[in-house]
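S.K.: coordinates only, sequence not included:
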């Protein structure tokens, strides 16, 4: 977020929206890999962006630099003071011997993704989102593919504290999702969740909601995400992973942070949480309960 909001980051975001296809690929890579780019030569960057060195050089000049080296130096200066735990971990793992297990690498990525989300959280933005959710006529929550279970989790958490919550996708796919959003208005809020690989349907339906002046909260992995351009509010959750296409660990942490904030935002919500706990108490296991279970027979006893 810090890099995307800098002068250079803002220029790259403009290219991402309005540039040619080759320029968009370069801008997207620079926005997602600021630290890594500082160590890449022009040939390396061209290969990673499926472009040519001539295109990269022209891109740098169009950005106002004499050559690619000038652009790379500016990126290095911009991110010098920014803490990048995930990039640091990626470089560490890539340079480490192959003896590290997949399980250990996965857990380390999860830890640093959560750490990155923690450093990137903006309390003021969270407070504004909580205010919009509290006042919304209906809160729509949408996630496709791997993000569908995240949308379901958030829906269950918000139901006791919002006037009306609709999980847009559910079990019906795009057709049902479009039906749910047919009557969305400026009085509603749409929380959209998407991580690599981004579903095209979620982008199109979010654009539809935006056309109807709906407040949009985007939970995604990067300012370069296609959803970042569509949201009124942006919550970032790093999704880097050594093996999987993306990790949901930080997204779950961000969702829990948002839910926790709305639960304690006013006295009525605290009272609702207490009543919910009391209502569920009778259905929860209690070690002191008087329930008696018959003893389990051994195989010998059954014979």
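M.R.: Cool, the structure landed. Fair warning: this is a prediction, and the values are worked out from it, not measured in the lab. Numbering: from 1, shown residues only.

S.K.: residue 66 and residue 30, how far apart?
M.R.: Distance, residue 66 to residue 30, using C-beta to C-beta, to the nearest Å: 17 Å. Yep, even glycine has a C-beta here, placed from its N, CA and C like the rest.

S.K.: who has more neighbours, those two?
M.R.: Of the pair residue 66 and residue 30, residue 30 is the one with more neighbours under other C-beta atoms under 10 Å, namely 25 against 10.

S.K.: mind listing what residue 213 touches?
M.R.: Counting by C-beta atoms under 8 Å, 6 or more residues apart in numbering, residue 213 touches 185, 186.

S.K.: what does the pLDDT read for it?
M.R.: Note on residue 213: pLDDT of 91.

S.K.: mind checking the SS state of it?
M.R.: Here residue 213 is coil, with the state taken from DSSP: H, G, I helix; E, B strand; the rest coil.

S.K.: residue 192 now?
M.R.: With three-state DSSP as the basis, residue 192 sits in strand.

S.K.: give me the beta-bridge partners of it?
M.R.: On the basis of DSSP bridges, residue 192 takes part in beta bridges with residue 142, residue 218.

S.K.: contacts only, for it.
M.R.: 142, 143, 202, 205, 206, 216, 217, 218, 219, 227, 230, 231.

S.K.: and with 6 Å instead?
M.R.: 142, 206, 218, 227 (C-beta atoms under 6 Å, 6 or more residues apart in numbering).

S.K.: separation between the last one and residue 19?
M.R.: I take that to be residue 227. From residue 227 to residue 19 the distance is 19 Å (C-beta to C-beta).

S.K.: who's more crowded, the two?
M.R.: More crowded of residue 227 and residue 19, by other C-beta under 10 Å: residue 227, with 22 against 17.

S.K.: and the more buried one, what element?
M.R.: Residue 227 is part of no helix or strand when elements are defined by DSSP states H and E.

S.K.: you'd agree it is up against residue 218?
M.R.: Yes: Residue 227 lies in contact with residue 218 (C-beta atoms under 6 Å); the separation is 4.2 Å.

S.K.: okay, and the nearest residue to residue 15 once chain neighbours are set aside sits in which element?
M.R.: Leaving aside its sequence neighbours, residue 15 sits nearest to residue 27 (C-beta to C-beta, 6 or more residues apart in numbering; 4.1 Å). Taking DSSP H and E as the definition, residue 27 sits inside helix 21-32.

S.K.: which other helices and strands contact the helix or strand just after that helix?
M.R.: Downstream of helix 21-32, the first helix or strand assigned by DSSP H and E is helix 34-37. When contacts are defined as 3 or more C-beta pairs under 6 Å, 6 or more residues apart in numbering; DSSP states H and E, helix 34-37 packs onto helix 68-79.

S.K.: what about the strands in this structure?
M.R.: In chain order, the chain shows strands spanning 139-143, 165-167, 189-193, 215-220, 233-236, with DSSP state E as the criterion.

S.K.: let me see the domain layout of the protein.
M.R.: Annotated domains of the chain cover 7-79, 120-280 [automatic domain parsing].

S.K.: adding distance to residue 110, write these out as JSON lines.
M.R.: Shown next, in JSON lines, are those (distance: least, C-beta to C-beta, whole Å):
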{"stretch": "domain 7-79", "distance to residue 110": "19"}
{"stretch": "domain 120-280", "distance to residue 110": "4"}
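
S.K.: which one of the ones you listed lies closest to residue 108?
M.R.: Across those, residue 108 has its closest neighbour in domain 120-280 (8.2 Å, C-beta to C-beta).

S.K.: so how far is that closest one from its chain's centroid?
M.R.: 10 Å (C-alpha atoms, centre = their mean, to the nearest Å).

S.K.: OK, contacts around residue 191?
M.R.: 141, 217.
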